[in-house]
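>>> Give me a model of this one.
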Amino acid sequence: MKILVGLISLISILLVTLAGPLYKFGLVDLATAFAGFKLGVFAGIATLVLLGIQLLFKRDTASLGSALPSAALAITAIAIPLSMMNTAKNVPPIHDISTDLVNPPAFVAIAPLRADAPNPVEYAGVETATQQRAAYPELQTLRYSQSKSELVGATKQAIDNLGWELVNIDADKGVIEATDTTAWFGFKDDVVVRITDNSSERLVDIRSKSRVGGSDLGKNAARIHKLIEELDRVLGE
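Numbers count the residues shown, from 1 in each chain. Below is the predicted model of the structure:
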């Protein structure tokens, strides 16, 4: 039984941790990856149940020390999805975030790259804007004193520093587009930055949108915050 428990615990953690890479490298589709994710949780629960039975009724063949590695793998396999579920409960189920909710920056060069994406390139609409205002009220249009050309250069540098893929720069229009690929599942989320003149200052708006998924687990808002921080850092150098 000890071998069986160890095997199930190993399967549980592999199902959870490998779901992302298998999808990322095109070996399985997203539905299969998520199915493996769920099976990993069930395998983790089964491991803990079997460990309990083993420790309660077969103490001569099991000890707390020998059970710890299997328990650790099982708990990790359960904790990762539970953590994601908890995050999902605390953020709105949206995937299109913008600092300008009235006139969000539009994807241009990136639009063809999203042609087959489940989430359309168009802005998600009023309901999404309402949910964003409640969840991320701090995300608003940025104002800078630097020139448009300086901000375009600084934004490009910030995107390079963050390791995102630069898709296009239209310096005249003040538009920069890029794609960020998530590490685990390899999801591609797109970013567009729009810089416009407003008398003596420049207005900077940022939009980040997922190509796949209903809820982004707060990733797009976090990405905008990260870009703002890096942009301010570059401008401050």
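>>> where along this protein do the helices fall?
Listed in chain order, the helices of the chain (DSSP state H) span 2-24, 30-57, 64-90, 126-135, 148-162, 219-236.
>>> Same list, the ones you listed, but as TSV with mean pLDDT please.
What follows is the helices of the chain, written out as TSV (pLDDT from 0 to 100):
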stretch	mean pLDDT
helix 2-24	93
helix 30-57	91
helix 64-90	91
helix 126-135	97
helix 148-162	98
helix 219-236	98
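>>> Output those as JSON lines; include the columns distance to residue 193.
For every residue, glycine as well, the C-beta is placed using N, CA and C. Shown next, in JSON lines, are the helices of the chain (distance: least, Cβ to Cβ, whole Å):
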{"stretch": "helix 2-24", "distance to residue 193": "26"}
{"stretch": "helix 30-57", "distance to residue 193": "28"}
{"stretch": "helix 64-90", "distance to residue 193": "26"}
{"stretch": "helix 126-135", "distance to residue 193": "17"}
{"stretch": "helix 148-162", "distance to residue 193": "5"}
{"stretch": "helix 219-236", "distance to residue 193": "8"}
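>>> looking at these, which is closest to residue 210?
Residue 210 lies closest to helix 219-236 among these, at 6.4 Å (Cβ to Cβ).
>>> Just the buried positions in that closest one, please.
219-221, 223-225, 227-228, 230-231, 234-235 (16 or more other Cβ atoms under 10 Å).
>>> In terms of secondary structure, what does that helix contact?
In terms of contacts (3 or more Cβ pairs under 8 Å, 6 or more residues apart in numbering; DSSP states H and E), helix 219-236 is packed against strand 96-98, helix 148-162, strand 188-198, strand 201-210.
>>> list the contacts for the closest residue to residue 167 other than its chain neighbours?
Leaving aside its sequence neighbours, residue 167 sits nearest to residue 177 (Cβ to Cβ, 6 or more residues apart in numbering; 4.4 Å). Contacts for residue 177 (Cβ atoms under 8 Å, 6 or more residues apart in numbering) come out as 107-110, 166-169, 190-193.
>>> hmm, 6 Å instead?
Neighbour list for residue 177: 109-110, 167-168, 192 [criterion: Cβ atoms under 6 Å, 6 or more residues apart in numbering].
>>> same question, residue 234
Contact analysis of residue 234 by Cβ under 6 Å, 6+ apart lists 154, 157-158.
>>> for residue 87, same thing?
Residue 87 neighbours (Cβ under 6 Å, 6+ apart): residue 217.
>>> can you check residue 122 too?
Under the criterion of Cβ under 6 Å, 6+ apart, residue 122 has no neighbours.
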